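> From the sequence below, what's the structure:
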Amino acid sequence: MSCPGFGEVRIPSSRAFWDDCEEDEFESIEPATKAQLKFMDGTDEAPFASELFVLIEGPFITEFCRGALLEDAKLVCEIPAKTSTLHWNASKGHLIATLEEDLTSSGEITELLIPYAKLAKQVLTITIKPKVDYKSEEIDRYSEYVAIVHSVGGKGYDKTITELEAPNFIAGVAAGIASWRTQMELPVSSYVVYTDKLPLDVIAAQPVLHLLKKMGVPCIERYLPPAKDSSYLYM
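As a prediction, the model looks like this:
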């Protein structure tokens, strides 16, 4: 019985791993479909300028945005991330993106929205996250807070709001757009709101509404979530 020479590699042949691997099989695989904005009928698909581009991102955020700040806004297009949309408030010159958190497609969606961010005079991003994600050595002192609000990447316009500290961070489309504007040396204000209730209810929504008003975004005074018909009470 002969032994292989020193340093010689012997690869066993096995139908499970080698013989059934044909290069032709990969040629028949179709490329992935590129994400696109779905514009409403009659809507101009060319990016346009805005006085303020607002991006609000988080889980279960669509219902809040629809009830709190989209009353006077027209739907421009649907964004390919769950129920995300882009609206235009012509009277204020505000472009509003409501972004359901979907980190798997955030890179593609960021690329789709950059042309709008490039033409905006000012950009505001607000990321909504559950409070359990917030990390701090003084976490106990926040236990009674309805929400924890921080700026990201700078103080922004409101000097009373402290900047987010490591190891906390934001991700997603809002973070991508804010990062791009910063790299281009264009004005951007970015905030994160850690809340103890998602979807937002009447109390948890107040800090978000307060932040929107401070930044000059028209919204309702008090958000009332739509009533739910489901019940676990049996008679």
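> Other residues contacting the lengthiest helix in the chain?
Looking across the chain with DSSP state H, the single longest helix is helix 106-119. With C-beta atoms under 8 Å, 6 or more residues apart in numbering as the test, helix 106-119 has contacts from 34-37, 47-50, 53, 55, 79-81, 84, 86, 95, 97, 99, 102, 123, 171-173, 176-177, 180-181, 184, 186. Backbone N, C-alpha and C define where each C-beta goes, glycine included.
> repeat that with 7 Å
For helix 106-119, the surrounding residues in contact (C-beta atoms under 7 Å, 6 or more residues apart in numbering) are 35, 37, 47-50, 53, 79-81, 95, 97, 123, 172-173, 176-177, 180-181.
> just the buried members of those?
Among the contacts of helix 106-119, those classed as buried by 16 or more other C-beta atoms under 10 Å are 37, 47, 50, 53, 79-81, 95, 97, 123, 172-173, 176-177, 180-181.
> quick one on the thing from earlier: let's test this: mean pLDDT of the longest helix of the chain, rounded?
The pLDDT scores in helix 106-119 average 97.
> list the buried ones in it?
106, 109-110, 112-114, 116-118.
> beta partners for Ile79?
Ser84 (DSSP bridges).
> And the residue most central in space within the chain, how far from Trp88?
In the chain, the residue lying closest to the centroid (C-alpha atoms, centre = their mean) is Glu57, at 3.7 Å. Counting by C-beta to C-beta, to the nearest Å, the gap from Glu57 to Trp88 is 18 Å.
> Helices of the protein, residue ranges please.
23-27, 62-68, 106-119, 173-183, 205-214.
> Mind pulling up the pLDDT for the closest residue to His87 other than its chain neighbours?
Counting by C-beta to C-beta, 6 or more residues apart in numbering, His87 lies nearest to Ala73, which is 3.7 Å off, once chain neighbours are set aside. Turning to Ala73, the model gives it a pLDDT of 95.
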